[in-house]
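[1] Sequence first, predicted model second:
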Amino acid sequence: MNPALVAARAIHFGASMLVFGEWVFVAFVAGVAWRRAFAASTRTAGLDRHAFVFATAALAASALSGIAWVVLEAMQMAGVPIAQAVANGTVFVVLEKTEFGHLFAWRALLWLALAASLVALRVKPSSRARIGVALLGAGAYLATLAAAGHAAAASDGSVRAMHVGADALHLLAAGGWLGALPPLVYCLMHAPSAQAAARVARRFSVLGIVCVAILIASGIVNSLFLVGSFAALFGTAYGQLLVVKLALFAVMLALAATNRLRLTPRLAADNSSLRSLARNARLELAGGIAIVAIVGALGTMVPGAHRSPRWPFDYALDFTLGDLSAAALALLIACAVFALAAVALIITGMRRSALRLSIPGCIALVVLAAVSTSIFAVPAFPTTFATSPVPYTVDTVSQGAASFAKDCSGCHGADARGDGPLAATLPKKPANLAEHALHHPEGNLFWWIAHGIAETPMPAFSPQIGDDGIWKIVQYLVARASAEAATSIGPRVDTASMSRAPDFGYEIAGEGQRTLAGDRTPALIVLYTLPQSDARLSQLASDHRLVHGKVRVIAIPLPGSPPLPDDAALRAQVEPAIPTIYATFVRAADDRTALHAELLVDANGIVRARWLGVPTNGVDRDAQIVAAAQHLPAHSSMPASMHHGH
Amino acid sequence: MKFGHPAVALVGACAWFASAPAAAHAFLDHAIPAVGSTVHESPQSIRLWFTEQLEPAFSHVQVVDASGKEIDKGDSHVDASDASVLAVGVPALAPGKYRVQWRVVSVDTHVTEGDFTFEIKP
């Protein structure tokens, strides 16, 4: 993280918000309440001067920080020191050729327009039209910052529009609230009467409620995109910083609620409330500055959704109802009944406009929520939600298979079914991993192999086997269990299939290398044995319906079969590990490997349909394949692979 | 241990979204030749697919041989029709190990870099 860049971003965000908030306050809060209170008095001039000075200073700060941001960004993009970035004209390349540069060039023009509108407003401060223009300009200046952030990078157009839109609303709402705090404090401190202060405070709290509602809604949308899971929220640096930001936001909300519910109603009667209100507004502003500093940092970090999280708690929540015991279910139902009673209590308390009944109701609701949540708690480890740094390929699976044969098969058995030669000597039967591996998070499998399982004979294999080596064993177990799951897949598309086909590369003469996963299209993997498969293969090669159905045919010889001749249409060159691994996916229920089999794999690498044996009528089977291919799920973007430096 | 039937739902339960759309930093999604793979014929170009769109002015890839000498055609470029693809041409390569080194800037300004190898074995 570059601290100068974080500071430049934070100042730029904060200054842009101040400019906007100042005019929001003048237009929506003071415009009515304040001017009416002092028609034709010099005090409105005081607010106008305050707004002008504040907005001008903020605009100047945003210009300087904006320039610093562009220069620092140019340094970072080109990977050169600052002197070089300036001397080489890197800054101009950024402005001319990058989306970020184009955005800032446009924002520079907006800045000029905004500056002009401020001057115009200074000449005639009470002109509604001029306030409107300044407000619009400041809003555009602030909202366009959304396009400079993570949101702008989504590759899908509609996702980008939604994310940038939510981000722009978030900025405007934050600016409307935080930026309006300085003029609020000014008005409270210079109010000629308690009634005038009360009127301003009431109008401000309406603004505050609108802004907070927008902030929460747009914030949820943004964090769904950038964090996406509780694992990433609590288990990545980005997520944890977001938690700090949310905690600050909660404190600010509490202050705002105190202002609205306790202090504002008393304003007219009691002078100390006015001072408390002004103090709370200053505290809110301080919280806002801390939040903007965090925003400065968040934008430079890898969002939680793209990092492998490290779970910090001993438990996680598993909401699968089917696993609950009868006692747990009974407890859950009891909780629900009591919760209804607690809600009734709260509502009754509200009706009598006395909090006496609501408070125990709220406490009961919190306790019930905690109890019912604890029912779903399951043990978790730091790696429970981790994504494997090792890709799921035939290569890593075969390396994992070799380690498994050496270190694990003694107890777990050659096929990972828990029936190794040593299994009978153990006090507890080893797990049948071929059946169970897919029903546990991969991160838990990793943890159990690395650190063993307490109170069972399962030993720890870390550090004798390195982390990557353990992940390869995990990938082997996923492949082993996927092969086992494939046994029950037939010619009809299995929508619930968990059987994952390991990725691999293959070469077709003249077409170069392709990979199973890289194409993001469905594939028919044909595992053949010559000469039995001869007729089927030549029929496949000539059937164009498959091509039109967008199904790639990848022909792979089973172990023991010669490959197709070099001039055959379906001839693909593959590494020897591919037949060995894929042979385990074409076993019949009696565990015998078929001599010919066809696997329909969807664009996400899931085995969806399976045919064993050579068809008696190949045309019929092709029709089945094309029909099945129509019902496959489309490609969905999977979590990014984690092989990168930063 | 009470992990029941699809206990993988553990992950599901803790996820608000099944899979968030890729955004924010350009990570390598896949490449041709594939990362760490062995190919029988020399490719004509090396193509890298990233998880988001790239800034052409600041995104580069080069290919070096086992001795570290750059052997690509020096025409590293972002694909005109798909801004998330980075490619570089290579001459007919002799059998051996090659390393692909990339450094890219995503459209939201973030820098990522990395490398991988592939082998040509006739």
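    Perfect, I can see it now.

[2] what about residue A:166, neighbour count?
    22 (other Cβ atoms under 10 Å in any protein chain shown). Where C-beta positions appear, they are placed from N, C-alpha and C, glycine not excepted.

[3] Please read the previous query as pertaining to residue A:581.
    That count, for residue A:581 with other Cβ under 10 Å as the rule, works out to 22.

[4] Spatially nearest residue to it, not counting backbone neighbours?
    Nearest-residue entry for residue A:581: residue A:394, 5.0 Å, with adjacent residues in sequence omitted and distances by Cβ to Cβ, 6 or more residues apart in numbering or on different chains.

[5] Please tell me I have it right and the one you found contacts residue A:506.
    No: between residue A:394 and residue A:506 there is no contact under Cβ atoms under 8 Å: 10.3 Å.

[6] Mutual contacts of the two, please.
    Listed contacts common to residue A:394 and residue A:506 are residue A:578; contacts here mean Cβ atoms under 8 Å, 6 or more residues apart in numbering or on different chains.

[7] now the strands for the chain?
    All of this is about chain A. A:315-317, A:377-379, A:505-508, A:512-515, A:523-528, A:552-557, A:597-601, A:607-612 (DSSP state E).

[8] my bad, the chain I had in mind was chain B
    B:28-32, B:38-39, B:45-50, B:60-65, B:77-78, B:85-89, B:96-105, B:111-120.

[9] ok so, going back, possible to save the strands of chain A as CSV with mean neighbour count?
    What follows is the strands of chain A, written out as CSV (neighbours: other Cβ atoms under 10 Å in any protein chain shown):
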stretch, mean neighbour count
strand A:315-317, 18
strand A:377-379, 16
strand A:505-508, 22
strand A:512-515, 18
strand A:523-528, 24
strand A:552-557, 20
strand A:597-601, 25
strand A:607-612, 22
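
[10] Format the ones you listed as TSV; extra columns: distance to chain B and mean pLDDT.
    Below are those laid out as TSV (distance: least, Cβ to the nearest Cβ, whole Å; pLDDT from 0 to 100):
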stretch	distance to chain B	mean pLDDT
strand A:315-317	6	83
strand A:377-379	6	83
strand A:505-508	4	90
strand A:512-515	5	90
strand A:523-528	15	94
strand A:552-557	14	92
strand A:597-601	16	95
strand A:607-612	16	94
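
[11] Point out the one among those strands that comes closest to residue A:199.
    strand A:315-317 (47.5 Å; Cβ to Cβ).

[12] Quick check: neighbours of the closest one in the sheet, parallel or antiparallel?
    strand A:377-379 (antiparallel) (DSSP bridges).

[13] follow-up on the earlier one: turn the strands of chain A into JSON lines, including distance to residue A:80.
    Shown next, in JSON lines, are the strands of chain A (distance: least, Cβ to Cβ, whole Å):
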{"stretch": "strand A:315-317", "distance to residue A:80": "44"}
{"stretch": "strand A:377-379", "distance to residue A:80": "49"}
{"stretch": "strand A:505-508", "distance to residue A:80": "37"}
{"stretch": "strand A:512-515", "distance to residue A:80": "35"}
{"stretch": "strand A:523-528", "distance to residue A:80": "44"}
{"stretch": "strand A:552-557", "distance to residue A:80": "44"}
{"stretch": "strand A:597-601", "distance to residue A:80": "45"}
{"stretch": "strand A:607-612", "distance to residue A:80": "49"}
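
[14] closest to residue A:115 out of the strands of chain B?
    Among the strands of chain B, if distance is taken as Cβ to Cβ, the winner is strand B:96-105, at 30.9 Å.

[15] quick check, distance from that closest one to the centre of its chain.
    9 Å (Cα atoms, centre = their mean, to the nearest Å).

[16] Just want the angle from that strand to strand B:85-89.
    140 degrees (axes from the mean of the first three to the mean of the last three Cα atoms, to 10 degrees).

[17] Quick one: residues in contact with strand B:96-105.
    A:77, A:79, A:98, B:26, B:28, B:31, B:46, B:48, B:50, B:54-55, B:57-66, B:71, B:86, B:111-120.

[18] what residues does the stretch 351-500 of chain A put near chain B?
    Contacts of the stretch 351-500 of chain A with chain B, taken as Cβ under 8 Å from any Cβ of the partner chain, map to A:376, A:378-380, A:384-385, A:391, A:393, A:395, A:438-441, A:444, A:498.

[19] Could you point out which of these is nearest to residue A:161?
    Nearest to residue A:161 among these, with distances taken as Cβ to Cβ, is residue A:385, at 29.5 Å.

[20] Not counting sequence-adjacent ones, nearest residue to that closest one?
    The nearest residue in space to residue A:385 (Cβ to Cβ, 6+ apart) is residue A:231, at 3.5 Å.

[21] Hmm, residue A:382 and that neighbour touching each other?
    No: using Cβ under 8 Å, residue A:231 is not in contact with residue A:382, being 10.8 Å away.

[22] and these two? which has more neighbours close in?
    The neighbour count for residue A:231 versus residue A:382, taken as other Cβ under 10 Å, is higher for residue A:231 (29 against 17).

[23] In the sheet, which residues pair with residue B:98? Tell me.
    Residues in beta-bridge contact with residue B:98 (DSSP bridges): residue B:65, residue B:118.

[24] Against chain A, how distant is it?
    Distance from residue B:98 to chain A, counting by Cβ to the nearest Cβ, to the nearest Å: 13 Å.

[25] what's the nearest residue to residue A:249 once chain neighbours are set aside in contact with, if anything?
    Excluding its sequence neighbours, the residue lying closest to residue A:249 (Cβ to Cβ, 6+ apart) is residue A:291, at 6.6 Å. Contact partners of residue A:291, counting by Cβ under 8 Å, 6+ apart, are A:174, A:178, A:245, A:248, A:249, A:252.

[26] Which among these count as buried?
    A:174, A:178, A:245, A:248, A:249, A:252 (16 or more other Cβ atoms under 10 Å in any protein chain shown).

[27] Against residue A:177, how distant is the last one?
    Distance from residue A:252 to residue A:177, counting by Cβ to Cβ, to the nearest Å: 9 Å.

[28] overlap in contacts of these two?
    Counting by Cβ under 8 Å, 6+ apart, the residues touching both residue A:252 and residue A:177 are residue A:288.

[29] in stretch A:408-420, what's buried?
    A:408, A:409, A:411, A:412, A:413, A:415, A:416, A:417, A:418, A:419, A:420.

[30] end-to-end on it?
    9 Å (Cα to Cα, to the nearest Å).

[31] Then stretch B:68-81?
    31 Å.

[32] and if you look at stretch A:499-516?
    Stretch A:499-516 end-to-end distance (Cα to Cα) = 15 Å.

[33] How far away from the center of its chain is it?
    30 Å.

[34] where does chain A dip in pLDDT?
    A:32-45, A:155, A:320-323, A:350-355, A:549, A:637-646 (pLDDT under 70).

[35] does any part of the lengthiest helix in it sit near chain B?
    If you go by DSSP state H, chain A has its longest helix at helix A:42-78. Yes: interface with chain B: helix A:42-78 contributes A:73, A:76, A:77, A:78 (Cβ under 8 Å from any Cβ).

[36] Of those - the most surrounded one?
    These, ranked by neighbours (other Cβ under 10 Å): first place residue A:73, 28 neighbours.

[37] mind listing what that one touches?
    Applying Cβ under 8 Å, 6+ apart, the residues contacting residue A:73 are A:5, A:94, A:100, B:109.

[38] can you list contacts of stretch A:145-162?
    A:12-13, A:16, A:99-100, A:103-104, A:107, A:163-168, A:170-171, A:221-222, A:225-226, A:299, A:303, B:21-26, B:51-53, B:84, B:106-110.

[39] Please save the CA atoms from that stretch in PDB.
    Extracted in PDB, the C-alpha atoms of stretch A:145-162 (Å, rounded to 0.1, in the frame of the first residue of the first chain):
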ATOM      1  CA  LEU A 145     -15.500   9.400  -8.600                       C
ATOM      2  CA  ALA A 146     -17.400   6.100  -8.600                       C
ATOM      3  CA  ALA A 147     -15.900   5.500 -12.100                       C
ATOM      4  CA  ALA A 148     -12.400   5.700 -10.700                       C
ATOM      5  CA  GLY A 149     -12.800   2.800  -8.300                       C
ATOM      6  CA  HIS A 150     -13.100  -0.900  -8.200                       C
ATOM      7  CA  ALA A 151     -16.700  -0.700  -9.600                       C
ATOM      8  CA  ALA A 152     -15.500   0.500 -13.000                       C
ATOM      9  CA  ALA A 153     -13.600  -2.700 -13.600                       C
ATOM     10  CA  ALA A 154     -16.400  -5.200 -13.800                       C
ATOM     11  CA  SER A 155     -16.100  -6.900 -17.200                       C
ATOM     12  CA  ASP A 156     -19.900  -7.500 -17.500                       C
ATOM     13  CA  GLY A 157     -21.700  -4.300 -18.700                       C
ATOM     14  CA  SER A 158     -24.800  -4.500 -16.600                       C
ATOM     15  CA  VAL A 159     -22.900  -5.500 -13.500                       C
ATOM     16  CA  ARG A 160     -20.700  -2.500 -14.100                       C
ATOM     17  CA  ALA A 161     -23.700  -0.200 -14.500                       C
ATOM     18  CA  MET A 162     -25.300  -1.500 -11.300                       C
END
